[in-house]
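J.: pasting the sequence and the predicted coordinates here, then a few questions.
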Protein chains: 2
Amino acid sequence: MTSIDERIRDTGLRVTRQRVLVYDALAALGGHRTADELVSALDASGTALPRATVYNVLDDLSTVGLVMQADRGPGAAVYEAANGWHHHFVCRVCGAVEDVPCVIGSKPCIDTDVPGAVIDEAQIIFRGVCASCRTAD
Amino acid sequence: MTSIDERIRDTGLRVTRQRVLVYDALAALGGHRTADELVSALDASGTALPRATVYNVLDDLSTVGLVMQADRGPGAAVYEAANGWHHHFVCRVCGAVEDVPCVIGSKPCIDTDVPGAVIDEAQIIFRGVCASCRTAD
DNA sequence: ACCGTTCCTTGGACGCAGTCTAAACACAGC
DNA sequence: GCTGTGTTTAGACTGCGTCCAAGGAACGGT
């Protein structure tokens, strides 16, 4: 597994301390995280970064594909360390997000016809009630 | 076509001037609109309503299915007058939202397996560049 | 190792989306 | 009409994300 430093360099972006820190924090926490969760985590680990920087980094890293922005509908955006194309299940009750494997595995996994437009991605959001919210109702 | 008054009454909700106004404004504008666009439209037509009311009404009407909340990712939520189950194409450049017919036509149109969870809806977001942004680049 | 250019980071202020609260109001059944 | 309950309202408030301009750091060339 190539180090994150190299993976950032390979995209043409500069390797900065901040980018590595944010990526590491996201990978260490795992799952789907908001920008503010990352700010807190970095804060707690003694390597605090300003909010604006975390937003910048997440933006940059997701443009080059090292980080994915998980669609969840309106509200705070959630990010995850890139790990292949997949979809998401969102709980209507608690808002939890779970990965759902993509049957096809590459983009765009579904096709449709919008006249004149170029489609490069089809993101599916499954909505319902998750296991723990069902038992807890 | 039953009047909107009756359609609201049929859901068990009370028929109020505000609900009718908001629904009419949304239907008249057509397409996908943010809450604030509706506030402005109502304002312009001489029947101004407070923001909080528009939010309340949109919330109520979308819970009972008379209005649909179109998934578009993070950012302002957009609503449309309900017109059958369908998906959305979102332009990466201008953010425009277009309807995409659902191949199946009823929910959930795609199925998957999330252990323990109940899935009642699968919303697909197609992303790419729309016709006018492609010619304008 | 140094330099210069270009890219990146930073902090603070700002703007927009949406929620909350408590009091006034109005719909709908009697 | 009267009454009870669901709804509206204004305004303040929270949270997410962006913008700006100045300082700082990465990296290719020498």
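T.: Looks like it arrived, so ask away. As the structure is a prediction and not an experimental result, all values here were calculated from the model.

J.: tell me the SS of A:Ala52?
T.: Following DSSP: H, G, I helix; E, B strand; the rest coil, the label given to A:Ala52 is helix.

J.: what is the burial count for it?
T.: By the measure other C-beta atoms under 10 Å in any protein chain shown, the count of residues near A:Ala52 is 9. The C-beta positions use only the backbone N, C-alpha and C, and glycine is treated the same way.

J.: can you check A:Thr16 too?
T.: Neighbour tally, A:Thr16, other C-beta under 10 Å: 13.

J.: next up, phi/psi of it, please.
T.: Main-chain torsions, A:Thr16, degrees, to the nearest 10: phi -120, psi 160.

J.: again, but for the one 10 residues further on
T.: A:Leu26 adopts backbone torsions of phi -70, psi -40, taken as degrees, to the nearest 10.

J.: give me the pLDDT for it.
T.: Listed pLDDT for A:Leu26 reads 98.

J.: leaving out the residues flanking it, which one is nearest to it?
T.: A:Ala81 (5.2 Å; C-beta to C-beta, 6 or more residues apart in numbering or on different chains).

J.: pull the longest strand from chain A.
T.: Determined from DSSP state E, the single longest strand within chain A is strand A:118-129.

J.: now do the helix or strand that that one is followed by: distance to the chain's middle.
T.: Going down the chain from strand A:118-129, the next helix or strand is helix A:131-135, by DSSP states H and E. In terms of C-alpha atoms, centre = their mean, to the nearest Å, the centre of helix A:131-135 is found 24 Å from the chain centre.

J.: what of stretch A:63-79?
T.: For stretch A:63-79, the separation from the chain centroid amounts to 4 Å (computed by C-alpha atoms, centre = their mean).

J.: do the same with stretch A:109-119
T.: 24 Å.

J.: circling back to that earlier point, could you export the longest strand of chain A as CSV, CA atoms only?
T.: What follows is strand A:118-129 as a C-alpha-only set of coordinates in CSV (Å, rounded to 0.1, in the frame of the first residue of the first chain):
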residue,chain,number,x,y,z
VAL,A,118,-22.9,13.9,-20.0
ILE,A,119,-23.5,11.7,-16.9
ASP,A,120,-20.4,10.4,-15.1
GLU,A,121,-21.8,9.1,-11.9
ALA,A,122,-24.9,7.5,-10.5
GLN,A,123,-25.2,7.6,-6.7
ILE,A,124,-27.9,5.7,-5.0
ILE,A,125,-29.3,6.5,-1.6
PHE,A,126,-31.3,3.9,0.1
ARG,A,127,-33.6,5.2,2.8
GLY,A,128,-35.3,3.4,5.6
VAL,A,129,-34.9,2.5,9.2
